[in-house]
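**Q** Structural data only, the sequence is not supplied:
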DNA sequence: ACCAGGTGCTTTACTCGTGAAGGAGTCAGG
DNA sequence: CCTGACTCCTTCACGAGTAAAGCACCTGGT
């Protein structure tokens, strides 16, 4: 039995008629979320990237071209301030470039540099591999089912656009 | 479709033969983990408690008596340093007390104060209610299924004890 | 009885995130 | 044209987390 199982067993023993099903889901989600972020050294490439920095580079990579900070803010579920600092750091490390957008001078175009593209192409597969290992106890069908159930929960929560 | 769905669709379009199933699970888990932590004001009681502080008080509440910091560290998946500071803050706010354990003078007994017990008894039900709302899109059976699948993944990951 | 190595908690120095305030740009109504 | 309200990004002051070092204490082999 996992930690959350023991926790809710303890609650149940104490208050037999409390409905703990939310804890058994959300508690596990939070735990798995944290554990999935504790990647072994080998997974993160040369420049030690945090999970969120990796998400930024991934977003740039899959979008193909440039992206505005506000979009990255939404995708990473963090504050605008955090994005600003993150981009400054990534630019400092030579992984992205920032340049004024032509259309609206308030906007910034963020792009991967050559080096940034090379880094994300090396690190992302390792990251996915690590996630696959975490999910090893599940069959393919179970993994798909898990993805579906989570999508069902997230659907109404995620911002409409 | 949720954000992660759009993300993996974008990847698929670009690299049709990449296996993205880990992203579709872990990505959603991470997102839901973050969103479940962004509780509306009303959920957290008088003293503004963070999610982890609430976990500490809950652990003390359900264990019935006292607990050592090292145990709380393991349950909250954070560092010992973080636990030390957290306990100092909670003690400052009068929610817990810390006293030397009789057995081993390195150990500390952490207990809920009267006020601490009152606070957690008020806040925890609100918290569970909020989690229940997040999971509203699922039927009872689906919620149970989701809990099971997550337990299957966490089983091998959680520390053995 | 000693003391070397291990354990349990705290402290220190630092990084990273946040909300709120700030500066610059756009735009619609008069 | 102005001007006031809005948007986009950045800066600031601060809170909270971490790793590593530190301190006090226990324990088992000699």
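**A** Looks like it came in fine. In this text, all values refer to a predicted model and were calculated from it rather than measured experimentally.
**Q** Please make it C-alpha for all contacts and neighbour counts, starting now.
**A** Fine.
**Q** Distance-wise, check residue A:113 relative to residue B:8.
**A** The gap separating residue A:113 from residue B:8 is 23 Å, by C-alpha to C-alpha, to the nearest Å.
**Q** ugh, wrong one, I meant residue A:155
**A** 15 Å.
**Q** picking that back up, the more surrounded of residue A:113 and residue B:8?
**A** The residue with more neighbours, out of residue A:113 and residue B:8, is residue B:8; 18 against 15, by other C-alpha atoms under 10 Å in any protein chain shown.
**Q** Buried residues in whichever strand or helix holds the more buried one, which are they?
**A** Assessed by DSSP states H and E, residue B:8 sits inside helix B:3-14. For helix B:3-14, the neighbour count (16 or more other C-alpha atoms under 10 Å in any protein chain shown) marks B:3-5, B:7-8, B:10-11 as buried.
**Q** residue ranges of the strands in chain A, please?
**A** In chain A, the segments counted as strands under DSSP state E are A:96-100, A:108-112.
**Q** Now do the buried residues in the last one.
**A** The reference is to strand A:108-112. For strand A:108-112, using 16+ other C-alpha under 10 Å, the buried residues are A:108, A:110-112.
**Q** angle of it against strand A:96-100?
**A** Per axes from the mean of the first three to the mean of the last three C-alpha atoms, to 10 degrees, the angle that strand A:108-112 makes with strand A:96-100 is 160 degrees.
**Q** is any part of strand A:108-112 close to DNA strand C?
**A** No. Using C-alpha under 7 Å from any atom of the strand, strand A:108-112 stays clear of DNA strand C, coming no nearer than 10.7 Å.
**Q** Show me what that strand is packed up against.
**A** helix A:51-63, helix A:69-76, strand A:96-100 (3 or more C-alpha pairs under 8 Å, 6 or more residues apart in numbering or on different chains; DSSP states H and E).
**Q** From the rest of the structure, what touches the shortest one?
**A** Residues lying outside strand A:96-100 but in contact with it, judged by C-alpha atoms under 8 Å, 6 or more residues apart in numbering or on different chains, are A:87, A:90-91, A:106-113, A:116.
**Q** and it, which strands flank it?
**A** Paired neighbours of strand A:96-100 in the sheet (DSSP bridges): strand A:108-112 (antiparallel).
**Q** so, in contact with DNA strand D or not, the partner strand?
**A** Yes. Using C-alpha under 7 Å from any atom of the strand, we find that strand A:108-112 touches DNA strand D at A:108-109.
**Q** that older thread, for the contacts of strand A:96-100, which one is nearest residue B:34?
**A** Of all those, residue B:34 sits closest to residue A:87, with 20.8 Å by C-alpha to C-alpha.
**Q** just to revisit the earlier point, what angle separates the helix holding residue B:8 from helix A:51-63?
**A** Using the same axes, to 10 degrees: helix B:3-14 against helix A:51-63 is 50 degrees.
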